[in-house]
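Student: Sequence first, then the predicted structure, then my questions.
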Amino acid sequence: MAYSEKVIDHYQNPKNVGTLDKSSKEVGTGLVGAPECGDVMRLQIQVDSSTGMITDAKFKTFGCGSAIASSSLATEWLKGKSVDEALKIDNMTIVEELNLPPVKIHCSVLAEDAIKAAINDYREKNGMEKIKFEESVIH
Amino acid sequence: MLKLPIYLDNNATTPMDPRVFEAMSPYFLQHFGNSASRNHPFGWEAEEAVDYAREQVAKLIGADPKEIIFTSGATEADNLGIKGVFEMYASKGNHIITATTEHKAVLDTCKHIEKQGGEVTYLTVKPDGLIDLAELEAAIKPTTILISIMYANNEIGTVMPIKEISAIARKHGVLVFTDGTQAVGKIPVDVNKDGIDLMAFTAHKMYGPKGVGALYVRRKNPRVKVTAQMDGGGHERGMRSGTLNVPGIVGFGKACEICMLDMEADNKRIIKLRDKLETELLKVEEAYVNGSREHRLPHVANISFKHVEGEGLLMGFNKNIALSSGSACTSASLEPSYVLKALGLGDDLAHSSLRFGLSRFTTEEEIDYTIKAITDTVLKLREMSPLWEMYKEGIDLDTIEWSAH
């Protein structure tokens, strides 16, 4: 199976690899996937609490090239968005942007889940109620 | 000069030896006859070529030429051997013993047999990939007709104790079938010394062409018979009908002859290269060899690099190095290799494995390039791996409640 150029580019030059201080109140951390499934994504957002804007995003991913590319792309999209806008990121837009084949759609689902988990972690830390999401169908 | 890409997936298939190709080439355009045509020179030429190849193939495994049944490959030979015995010996019993690390061509054939009313015992393997002989013997019942254990494993290269297995089988009057696909041509295999009754093997794993293989069927002590799975013109003594693939068979014969002559010298060189590759890659932190290192094919190494995912790892160099991984991120099930899991490997290690298969054409330059490319990619991906970060922080990954997929 050949990867799309965009996947290869993200894999070779991943954007925003790193770690934010997870104890900070302004940082939301989402850790999704499981080692036994061959994918684990950790996605972090730094939120300016006065504006509700995401000022920074970082990821680390254990997984195939598509999983790495999906999370790298997600961090790029998150930066500069408000938390509410970030909630609207849909896995299918990731699929389209990266030209993921059907067998790799779960990578994009994982990235969407990671975003939601990071936002909920941020909300919880700041005394807001967690948002209940529908179960992803692919999992 | 180093030529890219480098091919290190020789357990999947080997490149054809030019000497084999040369032997085959007249049998496409010039000597195109059907070896079953008994009444003209075209047929005689073809028959003579097949007879000669049959001798070359038989010689490599210490068999009589009459004991070689040509097939389309090892999968067909596995099917014919196992189903053929199951049907032929139905009056004696219906029980077959095999192992969980067998190739799918054996496992799925056994599944088929279970649907036909057969009973199959699947032996588990020890962490080194070998079966427990006491367990094997204990599994034998009065209804057992066949033990089917592969000679060497395709993923980890582990070589099974076939001699000991056949001694146990003999004692209980049970036939021994072995899938010799990865072993024949690579290490000495002798059907008499090893006590093998039936064996499947194929040309394209030993520098021969694809689309041709053989089933060895013992004719003496005991005389073994299989029920044909392909009906038709009664070729191959009625056990496998179908016009013979003459050029393929000629190539198979030549490949066997070369393996026999070159095996010792080839292996000396290949072992040195494999050991260099392995020693250097094991210098990477948290790298492990899968399967027995002692009972192993000379050209195989299966290594896991903890906390990086195999397919992601391959992507770092697969334009330049052809390898395969035990991870199966592309398959719908996302299940890692069942062979590695059968060794008792955790999913993390099973997902992190690379399989190296060297060949007689592998050079030291290629190995040096591979060592560097893989080491660099592992280090780069670990920088990106949340699991590696947690491991380095001393977090026990087993204590984390992962969101189940």
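Tutor: The structure has been received and is ready for your questions.

Student: Give me every residue in chain A lying close to chain B.
Tutor: Residues of chain A lying close to chain B by C-beta under 8 Å from any C-beta of the partner chain are A:1, A:3, A:8, A:11, A:14, A:17, A:19, A:31-42, A:60-65, A:67-68, A:103-104, A:106, A:113, A:117, A:139. (C-beta placed from N, C-alpha, C; glycine too.)

Student: And the buried ones among those, selectable in ChimeraX?
Tutor: ChimeraX command restricting the residues of chain A next to chain B to the buried ones, with burial defined by 16 or more other C-beta atoms under 10 Å in any protein chain shown:
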select /A:3,11,14,17,31,32,33,34,35,36,37,38,39,40,41,42,60,61,62,63,64,65,67,68,104,106,113,117
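
Student: Buried residues, the helix or strand where residue A:11 lies. List them.
Tutor: According to DSSP states H and E, residue A:11 maps onto helix A:5-12. Applying a neighbour-count criterion of 16+ other C-beta under 10 Å, one finds A:7, A:10-11 buried in helix A:5-12.

Student: before we move on, what about stretch B:247-260?
Tutor: B:247-259.

Student: so how far is chain B from the nearest residue to residue A:28 once chain neighbours are set aside?
Tutor: Here the nearest residue to residue A:28 in space, its sequence neighbours aside, is residue A:122; by C-beta to C-beta, 6 or more residues apart in numbering or on different chains that works out to 2.8 Å. Noted for residue A:122: a distance of 17 Å to chain B, by C-beta to the nearest C-beta, to the nearest Å.

Student: Got the phi and psi for residue A:122?
Tutor: phi -60, psi -40 (degrees, to the nearest 10).

Student: mind listing what it touches?
Tutor: Residues in contact with residue A:122 (C-beta atoms under 8 Å, 6 or more residues apart in numbering or on different chains) are A:26-28, A:45, A:47, A:83.

Student: Ok, residue B:246 next?
Tutor: Counting by C-beta under 8 Å, 6+ apart, residue B:246 touches B:27, B:31-35, B:46, B:49-50.

Student: circling back to that earlier point, sitting in helices, which of the buried residues of stretch B:247-260 do you find?
Tutor: B:247-259 (DSSP state H).

Student: Nearest to chain A among the contacts of residue B:246?
Tutor: residue B:27 (35.6 Å; C-beta to the nearest C-beta).

Student: Go ahead and confirm the closest one touches residue B:253.
Tutor: No: counting by C-beta atoms under 8 Å, residue B:27 stays clear of residue B:253, with 11.0 Å between them.

Student: For whichever residue of the stretch 251-400 of chain B sits closest to chain A, which non-adjacent residue is closest in space?
Tutor: Nearest residue of the stretch 251-400 of chain B to chain A, counting by C-beta to the nearest C-beta: residue B:347, 3.3 Å away. Spatial nearest neighbour of residue B:347, excluding adjacent residues (C-beta to C-beta, 6+ apart): residue A:36 at 3.3 Å.

Student: Could you do residue B:225 as well?
Tutor: residue B:88 (5.1 Å).

Student: contacting residues for the one you found?
Tutor: Contacts of residue B:88 (C-beta under 8 Å, 6+ apart): B:225-227.

Student: hang on, the earlier thing: rebuild the buried residues of stretch B:247-260 as a markdown table, extending it with pLDDT and distance to chain A.
Tutor: Putting the buried residues of stretch B:247-260 into a markdown table (pLDDT from 0 to 100; distance: C-beta to the nearest C-beta, whole Å) gives the following:
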| residue | pLDDT | distance to chain A |
| --- | --- | --- |
| B:247 | 98 | 32 |
| B:248 | 98 | 29 |
| B:249 | 98 | 34 |
| B:250 | 98 | 35 |
| B:251 | 98 | 30 |
| B:252 | 98 | 31 |
| B:253 | 98 | 36 |
| B:254 | 98 | 35 |
| B:255 | 98 | 30 |
| B:256 | 98 | 35 |
| B:257 | 98 | 38 |
| B:258 | 98 | 34 |
| B:259 | 98 | 33 |
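
Student: from those, which two are the most distant?
Tutor: Largest separation among the buried residues of stretch B:247-260 by C-beta to C-beta: B:247 and B:259, giving 18.6 Å.

Student: Provide a list of residues in contact with residue 7.
Tutor: Let's take chain A. Here residue A:7 is in contact with A:65-66, A:69, A:98-100 (C-beta under 8 Å, 6+ apart).

Student: The chain in question should be chain B.
Tutor: B:15, B:322, B:359, B:361.

Student: got the phi/psi numbers for it?
Tutor: Dihedral pair for residue B:7: phi -100, psi 110, per degrees, to the nearest 10.

Student: what bridges to it?
Tutor: residue B:322 (DSSP bridges).

Student: The stretch 1-150 of chain B: strands as residue ranges?
Tutor: Remark: strands assigned in the stretch 1-150 of chain B by DSSP state E, counting those that start in this stretch are B:6-7, B:68-71, B:95-99, B:119-123, B:144-148.

Student: Among these, which comes closest to residue B:340?
Tutor: That would be, of these and by C-beta to C-beta, strand B:95-99, which comes in at 14.2 Å.

Student: Okay, now the unreliable bits of the stretch 101-250 of chain B?
Tutor: Within the stretch 101-250 of chain B, not a single segment meets pLDDT under 70.

Student: residue boundaries of the helices in it?
Tutor: B:104-115, B:133-139, B:162-171, B:246-281 (DSSP state H, counting those that start in this stretch).

Student: again, but for the stretch 251-400 of chain B
Tutor: Under DSSP H, counting those that start in this stretch, the stretch 251-400 of chain B gives helices at B:310-315, B:338-342, B:347-350, B:364-383, B:386-392.

Student: For the second one, buried residues please.
Tutor: This points to helix B:338-342. For helix B:338-342, using 16+ other C-beta under 10 Å, the buried residues are B:338-342.

Student: quick one on the thing from earlier: would you agree the residue nearest to residue B:347 is in contact with residue B:352?
Tutor: No: contact criterion C-beta under 8 Å: residue A:36 and residue B:352 do not qualify, at 11.6 Å.

Student: Not counting its neighbours along the chain, what's nearest the most centrally placed residue in chain B?
Tutor: Nearest residue to the geometric centre of chain B (C-alpha atoms, centre = their mean): residue B:182, 3.3 Å. Of all residues not flanking residue B:182 in the chain, residue B:152 sits nearest, at 4.4 Å (C-beta to C-beta, 6+ apart).

Student: do residue B:283 as well
Tutor: Looking at residue B:283 with C-beta to C-beta, 6+ apart, the closest residue is residue B:375, at 7.9 Å.

Student: tell me the pLDDT at that neighbour?
Tutor: At residue B:375, the pLDDT value in this model is 98.

Student: I figured it hits residue B:284, correct?
Tutor: Yes: the pair residue B:375 and residue B:284 passes the contact test of C-beta under 8 Å, sitting 5.7 Å apart.

Student: Could you tell me the phi and psi values at residue A:28?
Tutor: Taking degrees, to the nearest 10 as the convention, residue A:28 sits at phi -110, psi 130.
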